[in-house]
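Q: pasted the sequence and its predicted model underneath.
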Amino acid sequence: MSHTKNRRAFLVASASGFAGLHFGMPAKVLADELATGPETFNPSSNGKAKSVILFFLCGGASHIDTWDLKPDAPSEYRGPFQPISTSAPGVWCCEHLPLLAKQAHHLAVIRSVCGTVNTNDHHAGYYYNLTGHVPDSTFKIQGNDRRPYADDWPFMGSIVGSRRPNQAGLPNVITLPHKPSKLPYTRPGQFAARLGVEFDPLYVQGSVEEPLKFQVPSLVLSGDVTAEHLQSRQQLLQRLDAARSEFENSPARQTWKQHQQRTLELLLASGTTKVFDLESEHKATRTRYGTSLNAMSLLLARRLVEAGTPFVTVFWKENEALKDQCKSAGGWDTHGNNFECLKNHLLPEFDRAFSALIEDLEQRNLLDQTLLVVNSEMGRTPKIGDPRSGGVSGAGRDHWTHCQSVLMAGGGIQGGQTLGSSDKLGEYPEEHPLTPADIAKTVYYATGIDDLRAQDSQGRPYNLLEEGQPMKELFV
């Protein structure tokens with residue numbers, strides 16, 4: 001394929017959010033939904049959330065140093081952080097989350113999620129927490145070489161997006177500010193997979209160096225496509241049709257018209273890019289969120305749900321300047337120097353940005369209709385000391401998929417409560433044990449999705465997620 005043809009293909013593929021994936025035959029939703037179109041979907045009476053913002057703390061956030069501190073545990077477990085009281089009686093959090101402590105009356109803190117996977121590692125942790133499905137044996141066999149597959153179980157955001165009408169002029173599922181992780185180690189679980197590539201997220205790119213600048217590949221003209229070409233819909237169609245021929249032998253050809261239409265709508269709609277213009281946001285609002293890329297990603301997420309986007313994922317972008325200090329990629333994978341990295345970098349950034357998002361949504365009367373979820377692919381080892389970073393002297397915490405904490409707020413959630421607990425050392429759930437399937441089912445419940453039936457490419461029915469139960473006790 002020539003260089004020019006590559007650029008044309010990128011323009012089309014990036015608009016659909018499926019560039020780089022192995023194409024598979026798209027699964028179909030129920031025949032009656034296909035016949036009438038997604039705009040006929042009506043959420044059940046249970047669902048208040050019109051939108052979801054998933055804030056995913058890439059790397060594996062330490063539950064025992066944030067929302068599940070164990071001040072009475074032995075020193076080799078508890079660490080130096082102290083719990084502080086919050087705006088919700090009986091809800092405690094880490095002393096380095098003072099701004100979030102003031103918002104705890106909006107929060108439901110879930111402390112008993114067990115996401116045990118057979119690898120105890122990132123790839124499988126992502127997949128379990130993003131889909132609600134236990135990873136299969138390929139994760140153990142292939143490890144970090146395990147790629148996203150077309151027959152994987154779908155990302156929960158893709159399921160929500162597939163059940164909602166498109167009213168914002170933007171894709172129903174948007175992910176920012178990056179696609180974890182660096183090629184070729186793309187994390188499985190973040191795609192629509194067997195549901196069909198037409199429900200993949202649109203990926204919006206940001207950079208640590210320019211936190212106000214977000215690049216939407218489908219809205220950035222590539223190669224020899226110039227602004228003048230947009231003056232003629234016919235010219236642009238000709239270019240897209242030329243790219244079409246390169247995909248004729250792909251199983252995805254049956255969804256080509258949907259991709260083409262999506263691309264054209266994004267490129268030709270005059271107001272599409274306005275939501276991404278953070279420079280137009282009040283400076284005081286930007287300052288409240290903070291100056292980092294992750295902070296600006298949360299601000300953009302608010303703008304997107306305000307515009308009507310049903311599902312926005314913010315994957316915490318690692319700061320590579322911290323990678324040596326924390327023996328990690330610069331995110332929450334704190335194999336070494338766990339406490340200093342949390343205290344000086346990760347917790348202050350998270351505290352300021354996420355508390356600002358809650359405040360902002362509440363002030364705009366959007367919190368009740370927007371479900372907020374904070375999750376990660378795993379927790380950290382309750383016992384301090386990772387052999388890979390010097391043991392106890394390295395003051396790190398290793399991977400721990402056996403227990404983690406999840407935060408929820410808005411979208412009908414009753415704030416100021418906790419659900420479940422871990423044992424006295426924070427190693428395993430004790431009261432009300434839950435799994436990532438329960439978290440996913442709760443997201444579906446909050447958004448009014450109570451029918452998870454689908455059909456595969458052969459017309460055979462299946463359930464998108466049989467495991468798990470929604471935590472109805474969390475809701476008002």
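A: Arrived safely. Everything numeric here is computed off the predicted structure, so don't read it as measured data.
Q: V305 in helix, strand or coil?
A: Using DSSP: H, G, I helix; E, B strand; the rest coil, the structure places V305 in helix.
Q: mind checking the SS state of the residue nearest to G412 when sequence neighbours are not counted?
A: Nearest non-adjacent residue to G412, counting by Cβ to Cβ, 6 or more residues apart in numbering: K48, 3.6 Å away. The C-beta positions use only the backbone N, C-alpha and C, and glycine is treated the same way. Of the three states, K48 takes coil under three-state DSSP.
Q: hang on, K48 packs against Q369?
A: Yes: counting by Cβ atoms under 8 Å, Q369 is a contact partner of K48 at 6.2 Å.
Q: what's the overlap in contacts for these two?
A: G411 (Cβ atoms under 8 Å, 6 or more residues apart in numbering).
Q: of those two, who's got more company?
A: Taking neighbours as other Cβ atoms under 10 Å, K48 and Q369 compare with K48 leading, 19 against 16.
Q: ok, back up a step: check contacts around the residue nearest to G412.
A: 368-369, 411-412, 446, 448.
Q: can you check V160 too?
A: V160 touches 52, 172-173, 310-311, 443-444, 447, 449, counting by Cβ under 8 Å, 6+ apart.
Q: same question, M156
A: 54, 130-132, 440, 443-444.
Q: closest to V476 out of the residues you listed?
A: Minimum separation from V476 among these (Cβ to Cβ) is found for V443, which lies at 16.4 Å.
Q: what lies in contact with the one helix or strand the closest one maps to?
A: Per DSSP states H and E: V443 is located in helix 436-446. Here helix 436-446 makes contact (Cβ under 8 Å, 6+ apart) with 46-49, 52, 110, 113, 115, 128-129, 131-133, 156, 159-160, 371, 373, 375, 406, 408, 411-413, 450, 452, 465, 467-472, 474-475.
Q: buried ones only from the residues you listed, please, as a PyMOL command.
A: Here is the PyMOL selection string for the buried members of the contacts of helix 436-446, based on 16 or more other Cβ atoms under 10 Å:
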select buried, resi 46+47+48+49+52+110+113+115+128+129+131+132+133+156+159+160+371+373+375+406+408+411+412+413+452+465+468+470+471+474+475
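Q: filter the contacts of helix 436-446 down to just the ones in helices.
A: 128-129, 131, 156, 159-160 (DSSP state H).
Q: what's the closest of the residues you listed to D324?
A: N129 (27.3 Å).
Q: for the helix or strand that L300 is a member of, output the C-alpha coordinates as CSV.
A: If you go by DSSP H and E, L300 is part of helix 293-306. Below are the C-alpha coordinates for helix 293-306, written out as CSV (Å, rounded to 0.1, in the frame of the first residue of the first chain):
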residue,chain,number,x,y,z
LEU,A,293,-3.1,16.5,31.3
ASN,A,294,-5.2,14.3,33.6
ALA,A,295,-6.9,17.3,35.1
MET,A,296,-7.7,18.8,31.7
SER,A,297,-9.0,15.4,30.6
LEU,A,298,-11.5,15.4,33.4
LEU,A,299,-12.5,18.9,32.4
LEU,A,300,-13.0,17.8,28.8
ALA,A,301,-15.0,14.8,30.1
ARG,A,302,-17.4,17.3,31.8
ARG,A,303,-17.7,19.2,28.5
LEU,A,304,-18.4,16.0,26.6
VAL,A,305,-21.2,14.8,29.0
GLU,A,306,-22.6,18.3,28.9
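Q: ok, and what's touching the helix or strand following it?
A: Next along the chain after helix 293-306, taking DSSP H and E as the criterion, comes strand 311-315. Residues from elsewhere that reach strand 311-315, judged by Cβ under 8 Å, 6+ apart: 51-56, 58, 157-158, 160-161, 172-180, 190, 201, 294, 297-298, 301, 304-305.
Q: quick check: T186 vs L54, distance?
A: 18 Å (Cβ to Cβ, to the nearest Å).
Q: list the buried residues in the longest helix seen in the chain.
A: Longest helix in the chain by number of residues (criterion: DSSP H): helix 347-363. For helix 347-363, a neighbour-count test (16+ other Cβ under 10 Å) marks 347-362 as buried.
Q: in the protein, where is pLDDT below threshold?
A: 1-46, 168, 217-272 (pLDDT under 70).
Q: now G132: closest residue in space that isn't a chain neighbour?
A: In space, G132 comes closest to A440 once its chain neighbours are excluded; the distance is 3.3 Å by Cβ to Cβ, 6+ apart.
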